[in-house]
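# give me coordinates for this.
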Amino acid sequence: MSVLLQIKGIGKRYGHTTILEDATASFSKNQKIGVVGRNGAGKSTLCKIITGEEEMDTGTVIKNSELRLSYLEQHDTFLAEETVLEFLTRSSGEEEWRAAEIAASFQLKNEILDAKIAALAGGYRTRLKLAAMLLKDPNFLVLDEPSNYLELSTLILLENFLLDFNGGYLIVSHDREFLKRTCDHTLEVENGRLILYPGNIEDYFEFKEEQLAQKIAYNKTVEKKK
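All right, here's what the predicted structure looks like:
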């Protein structure tokens, strides 16, 4: 399996707080990875370092020449009074027919293409960002909390898009069911380090419980011998 992206020894601090320390992992083509961890563990920071939005203090990010990385923008990059189609053609450089074709896969078509983005509901703006991301022809995606505040119809479109996507991705989400349905690997950010597990989120937490039970049993055995 071709490795598209490697992070080696990543370190990141904010003041006296260490967020990431010697964080290391490799991501391959077609891996669908759900990213989990407690609040403040460094999940979003990791995404920003990978996409280049934030600088790391130490370590390296190695990108394969075949990598075509794209990510879901957290902030709006639309211009005032811009229409859906105008934004898609401007941000991608693609022809109108191609932009309209990709937009249609997220149910953005007909009169919506000529609608002002400022008038769109939040779910439709997320659909627009997804279409813009796909127009860049990526083979690896980074999505930080993509399912937040989405109505059911957009959430279903997002899930179907991810299941059909011909490439790999990292998804940060607190929605376990969403990760279970869309991801086949799990990456936990814990104590500044990364643990990549070859299974979905349910498999991973079951594995963690087994590891904890074994550790407790071992410690009891050691105490008994003492």
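# pull the CA atoms of the helix or strand in which residue 162 is found into CSV?
If you go by DSSP states H and E, residue 162 is part of helix 152-164. This file holds the C-alpha atoms of helix 152-164, laid out as CSV (Å, rounded to 0.1, in the frame of the first residue of the first chain):
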residue,chain,number,x,y,z
LEU,A,152,-29.9,15.1,8.3
SER,A,153,-30.1,15.4,4.5
THR,A,154,-26.6,17.0,4.3
LEU,A,155,-25.2,14.5,6.8
ILE,A,156,-26.4,11.6,4.6
LEU,A,157,-24.9,13.3,1.5
LEU,A,158,-21.6,13.7,3.4
GLU,A,159,-21.6,10.0,4.5
ASN,A,160,-22.4,8.8,0.9
PHE,A,161,-19.6,11.1,-0.5
LEU,A,162,-17.1,9.6,1.9
LEU,A,163,-18.1,6.0,1.3
ASP,A,164,-17.8,6.5,-2.4
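# can you name every helix or strand that that helix contacts?
helix 122-134, helix 176-182 (3 or more Cβ pairs under 8 Å, 6 or more residues apart in numbering; DSSP states H and E). Where C-beta positions appear, they are placed from N, C-alpha and C, glycine not excepted.
# single out the most deeply packed of those.
helix 122-134 (a mean of 21; mean count of other Cβ atoms under 10 Å).
# contacts for that helix next, please.
70-73, 76, 78, 84, 87-88, 91-92, 99, 102-103, 105-108, 112, 117, 120, 141, 146, 149-151, 153-154, 157-158, 161 (Cβ atoms under 8 Å, 6 or more residues apart in numbering).
# out of those, which are buried?
Buried subset of the contacts of helix 122-134 (neighbour count, 16 or more other Cβ atoms under 10 Å): 70-73, 78, 84, 87-88, 91-92, 99, 102-103, 105-106, 108, 112, 117, 120, 141, 146, 150, 154, 157-158, 161.
# ends of stretch 190-204, how far apart?
Stretch 190-204 has an end-to-end distance of 14 Å (Cα to Cα, to the nearest Å).
# now that stretch: mean pLDDT?
If you average the pLDDT over stretch 190-204, you get 93.
# quick one: the helices in this protein, in order.
43-51, 84-92, 96-104, 122-134, 152-164, 176-182, 201-225 (DSSP state H).
# residue 33 is nearest to which of these?
Closest approach to residue 33 among the helices of the chain (Cβ to Cβ): helix 176-182, 9.3 Å.
# what mean pLDDT does that closest one have?
pLDDT averaged over helix 176-182 gives 94.
# so who does residue 10 touch?
20, 22-24, 46, 49, 56, 58-61.
# er, residue 69 actually
Here residue 69 is in contact with 5, 50-51, 63, 138, 140-142 (Cβ under 8 Å, 6+ apart).
# out of these, which end up buried?
Buried residues within these, counting neighbours by 16+ other Cβ under 10 Å: 5, 50-51, 138, 140-142.
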